[in-house]
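J.: build the 3D model from these lines:
(2 chains)
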Amino acid sequence: MAMSTYRESVVRAQREALAKYPEAIVLGEDIGAPGGPFKTTDGLFEEFGADRVRDTPISENAFVGAAMGIAVTGGRPIVELMFADFMGVCFDQLVNGIAKHRFMCGGKVEVPLVIRAMGGGGVRFGAQHSQTGESWMYQHPGLKVYCPATPADAYELLTAAIADVDPVIVLEHKALMATKGEVPETVIASDVHIGPTVLREGDDVTIVASLAMVKRSLDAADKLAEQGISAEVINLRVLRPLVMGPIVKSLMKTGSLVTVEEAHPVGGWSGDVTSLAITEAFDYLDTPPARITLPDWPMPYSPGLEDAALPSADRIFDVVTSILSV
Amino acid sequence: MKIADYFDKSMAADALERLIRIREFEDKVHESFISGYVHGTTHLCQGQEAVSVGTVLALRDDDYLTYTYRGHGPCIARGMSVEGAFAEIFGRASGVSSGLGGSMHLTDMALGLIGSFAIVGAGLPVAVGAAITAQRRGEGQVSITYFGDGATNIGGFHESMNLAATWNLPVIFICENNLYGEYSPIRSTTPIDDIAVRADSYAMPSEIADGNDVIAVFKSATTAITRARNGGGPTLIEYKTYRQCGHSRSDPAQYRPPGELDFWLELDPIKQFKDRLVKENVLNETEISSIAERVQNEIDTAADTAARAPWPAERDLTPETYAGSYQTESV
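T.: Numbering: from 1, shown residues only, chains lettered A, B, ... in the order given. Here you go, the predicted structure:
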């Protein structure tokens, strides 16, 4: 294990993939010589050259569709989408094309590709550059959707995604790029756990969060501990497949569920996790589940308004103490 | 252009056979729709066969093709199993896509038929991707993509043209200008009459050719394919042609001006080619009839077999959705 940033982990997973798979190539806007607008491909162009690290024109429909063409003809493309919000531009290729292609071909085709999309709020980029992309992508059979919250996640999940024979969308978070954490020196793709992980054990409440909300949930857990409340914090990590096992197991212990999702109140994963928890852990629930989300309006630009929209550690603390005091 | 300048007798017979096979296949699909064997809808290409045959004959076995919901032509021309194609369109388990795709999604990777796309313009980026593979591999493979005049108005066309030209990719863009985008005549949706001029904005070579003359198609396709194989980059070819049927099975095409259909029936690609084969002493009437009869029997038998094929079983279709591990259960 070594301390690395989330960003360094993203670069390393790609570098190792380019070294390991001769058929792997990286495509995206400004990811070649410039090293990526968020430096997520830093050094790759110098090491692997223009044939394997390609700067595309601004044409997501074309280069995401091209990724499928590359994938079905023996390639292993890794595409960077500069902002998760830009999935709107290539939505058809992702959802009608890539997700469905194997199925519509009778299961006779494999589509090994990775789309890395960087999203999330808290960086004052406004409504069209601040979505995490979770709500748009996780409902589609045929895709796998990962959402790394820690530097270790970023390395392991991207490594597993690139090795996968199926199309994987990896939703990274811009505000997490500089965060530091312990990352394994190496990982075997098939060993990577594809599902949620318990980051902090507790007995009184289960908090499930994704991406940037994970750290806020851990901070809330610290504050709750000072009040004698023991919170179990689960990093969702993988949206599709949605694996409820660890969450149900946690609820059997705590009896209370709080989800923290950086998405609007309707149509996001917290609705599904909550409803599945009710179905699968009904007898264990002591309190009605609580969902903490963004408000039901687009992300405002003005810093105070953006900060108010994002679930804070204090808000998580308040919601937990409120439901447990019933 | 004399036939003999491009095809020897055996190739000419092969070209005729493929043309007739597509026509008989499409006619049989039409008939099968009326008798209830084809579900939903289907999009036929009678009248456009020469585009598929002329281009496919100019390709290598290891080239890649993408095509559209009106895609039976390239598939049958390329040698897709006729029985497998019927079975797919009839929704049977023995279909080329296991009954999961339907008329708009006939695929056969072994023949380079890498994808049929029902969303207009969606196949072009995929073909561009296949061309990236071809370029990297360096063995001279090319990628070819078929689409209609209507598709040249959608964003994906422009993005694909731009990317192909900027990266000098070995992809051939084949526009079948059949004068209609669904029910709308091209003039009502497009400010130009010749699609080929659009290549100019991408500094890409282009050509316009008679899409009903299989020799003209073969000649122009060969030029573009050779250019791509030799590292000369992409080409846009516009084939002027006409679909004799409506947009789909539910369209009687009454929006056509009177006389238009008759005009184009006179230019029927198969009729033209047969007349020339005889006139230029390449094949005689007996040889032509013999090919036609053999293909007719082949089609009848294949359709019959497909019509009696079993339905796909109701089952968990997760393996057809994901090739790798997909676990929602966990310890």
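J.: hey, let's count contacts and neighbours off CA atoms from now on
T.: Fine.
J.: same question for the longest helix anywhere in chain B, mean pLDDT?
T.: In chain B, taking DSSP state H as the definition, the longest helix is helix B:9-34. Helix B:9-34 carries an average pLDDT of 97.
J.: swap in stretch B:323-331?
T.: Stretch B:323-331 comes out with an average pLDDT of 83.
J.: where along the stretch 51-200 of chain B do the helices fall?
T.: Counting by DSSP state H, counting those that start in this stretch, the stretch 51-200 of chain B has helices at residues B:72-78, B:82-89, B:123-137, B:155-166, B:186-189.
J.: returning to what we had before: from the chain's centre, how far out does the longest helix of chain B sit?
T.: The chain centroid and the centroid of helix B:9-34 are separated by 13 Å under C-alpha atoms, centre = their mean, to the nearest Å.
J.: the helices of the stretch 51-200 of chain B: which one's closest to chain A?
T.: helix B:123-137 (3.7 Å; C-alpha to the nearest C-alpha).
J.: that older thread, now the angle from the longest helix of chain B to helix B:82-89?
T.: 30 degrees (axes from the mean of the first three to the mean of the last three C-alpha atoms, to 10 degrees).
J.: and helix B:9-34, what's buried?
T.: For helix B:9-34, burial by neighbour count (16 or more other C-alpha atoms under 10 Å in any protein chain shown) applies to B:12-30, B:32-33.
J.: quick check: residue A:317 is in a helix.
T.: Yes. Judged by DSSP: H, G, I helix; E, B strand; the rest coil, residue A:317 forms part of a helix.
J.: any idea how far residue A:231 is from the residue nearest to it when sequence neighbours are not counted?
T.: Of all residues not flanking residue A:317 in the chain, residue A:220 sits nearest, at 5.3 Å (C-alpha to C-alpha, 6 or more residues apart in numbering or on different chains). From residue A:220 across to residue A:231, the span is 9 Å (C-alpha to C-alpha, to the nearest Å).
J.: so which of the two has more stuff around it?
T.: residue A:231 (25 against 22; other C-alpha atoms under 10 Å in any protein chain shown).
J.: and the helices of the stretch 51-200 of chain B, which is most packed in?
T.: The highest mean neighbour count among the helices of the stretch 51-200 of chain B, using mean count of other C-alpha atoms under 10 Å in any protein chain shown, belongs to helix B:123-137: a mean of 29.
J.: shaky segments in the stretch 151-300 of chain B?
T.: Nowhere does the stretch 151-300 of chain B drop to pLDDT under 70.
J.: close to chain A: what parts of it are there?
T.: Within the stretch 151-300 of chain B, the positions adjacent to chain A are B:156, B:159-160, B:163 by C-alpha under 8 Å from any C-alpha of the partner chain.
J.: okay, which residue is most central for chain A?
T.: Residue closest to the average C-alpha location in chain A (C-alpha atoms, centre = their mean): residue A:147, at 1.4 Å.
J.: cool, and chain B?
T.: Most central in chain B (C-alpha atoms, centre = their mean) works out to residue B:74, at 3.2 Å.
J.: pretty sure it contacts residue B:54?
T.: No. Under the contact definition of C-alpha atoms under 8 Å, residue B:74 does not touch residue B:54, with a separation of 9.9 Å.
J.: ok, the closest residue to the residue nearest to the centre of chain B other than its chain neighbours - contacts?
T.: Nearest in space to residue B:74, with sequence neighbours left out and distances taken as C-alpha to C-alpha, 6+ apart, is residue B:52 at 4.9 Å. Taking C-alpha atoms under 8 Å, 6 or more residues apart in numbering or on different chains as the contact definition, residue B:52 lies against B:73-74, B:77.
J.: how about a cut-off of 10 Å?
T.: B:18-19, B:22, B:45, B:71-78, B:146, B:174, B:176, B:211, B:214, B:217-218 (C-alpha atoms under 10 Å, 6 or more residues apart in numbering or on different chains).
J.: picking up where we left off before, what's the overlap in contacts for residue A:220 and residue A:231?
T.: Joint contacts of residue A:220 and residue A:231 (C-alpha under 10 Å, 6+ apart) are A:207, A:320.
J.: work out the gap between the helix or strand of chain A with the lowest mean pLDDT and the centre of the chain.
T.: Ranked by mean pLDDT, DSSP states H and E, the weakest helix or strand in chain A is helix A:134-137, scoring a mean of 95. Distance of helix A:134-137 from the chain centroid (C-alpha atoms, centre = their mean) equals 10 Å.
J.: output the set of residues of the stretch 201-326 of chain A in proximity to chain B.
T.: A:240-246, A:249 (C-alpha under 10 Å from any C-alpha of the partner chain).
J.: those in strands, which ones?
T.: Those of those mapping onto strands are residue A:240, per DSSP state E.
J.: farthest-apart pair in the residues of the stretch 201-326 of chain A next to chain B, please.
T.: Farthest-apart pair in these is A:240 and A:249; separation 19.0 Å (C-alpha to C-alpha).
J.: in stretch B:198-212, which residues are buried?
T.: Residues B:198-199, B:204-212 are the ones in stretch B:198-212 that count as buried (16+ other C-alpha under 10 Å).
J.: start and end of that stretch, how far apart?
T.: For stretch B:198-212, the first-to-last residue distance is 22 Å (C-alpha to C-alpha).
J.: go on, stretch B:306-318?
T.: Start-to-end, stretch B:306-318 (C-alpha to C-alpha) is 26 Å.
J.: and stretch A:88-96, does that touch chain B?
T.: Yes. Applying C-alpha under 10 Å from any C-alpha, one finds stretch A:88-96 touching chain B at A:90, A:92-93, A:96.
J.: out of residue A:240 and residue A:249, which sits in the busier spot?
T.: Under the neighbour definition other C-alpha under 10 Å, residue A:240 and residue A:249 were set side by side, and residue A:240 has more, 26 against 16.
J.: so that one touches residue A:136, yeah?
T.: No. Taking contacts as C-alpha atoms under 10 Å, residue A:240 lies outside contact range of residue A:136: 11.9 Å.
J.: I'd say residue B:90 and residue B:103 touch.
T.: Yes. With contacts counted by C-alpha under 10 Å, residue B:90 reaches residue B:103, the gap being 8.3 Å.
J.: list residues touching both of those two?
T.: B:29, B:38-39.
J.: still on that earlier bit, want to try a markdown table for the buried residues of stretch B:198-212, with secondary structure as columns?
T.: As requested, the buried residues of stretch B:198-212 are arranged in a markdown table below (three-state DSSP):
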| residue | secondary structure |
| --- | --- |
| B:198 | helix |
| B:199 | helix |
| B:204 | coil |
| B:205 | coil |
| B:206 | strand |
| B:207 | strand |
| B:208 | strand |
| B:209 | strand |
| B:210 | strand |
| B:211 | coil |
| B:212 | coil |
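J.: which helices and strands sit right next to the longest helix of chain B?
T.: If you count contacts as 3 or more C-alpha pairs under 10 Å, 6 or more residues apart in numbering or on different chains; DSSP states H and E, helix B:9-34 packs onto helix B:49-56, helix B:72-78, helix B:82-89, helix B:214-229, helix B:269-279, helix B:285-307.
J.: most tightly packed of those helices?
T.: Comparing the helices and strands packed on helix B:9-34 by mean neighbour count (mean count of other C-alpha under 10 Å), helix B:49-56 ranks first with a mean of 29.
J.: got the angle for it vs strand B:206-210?
T.: 130 degrees.
J.: now the angle from helix B:49-56 to helix B:214-229?
T.: Going by the same axes, to 10 degrees, helix B:49-56 makes 40 degrees with helix B:214-229.
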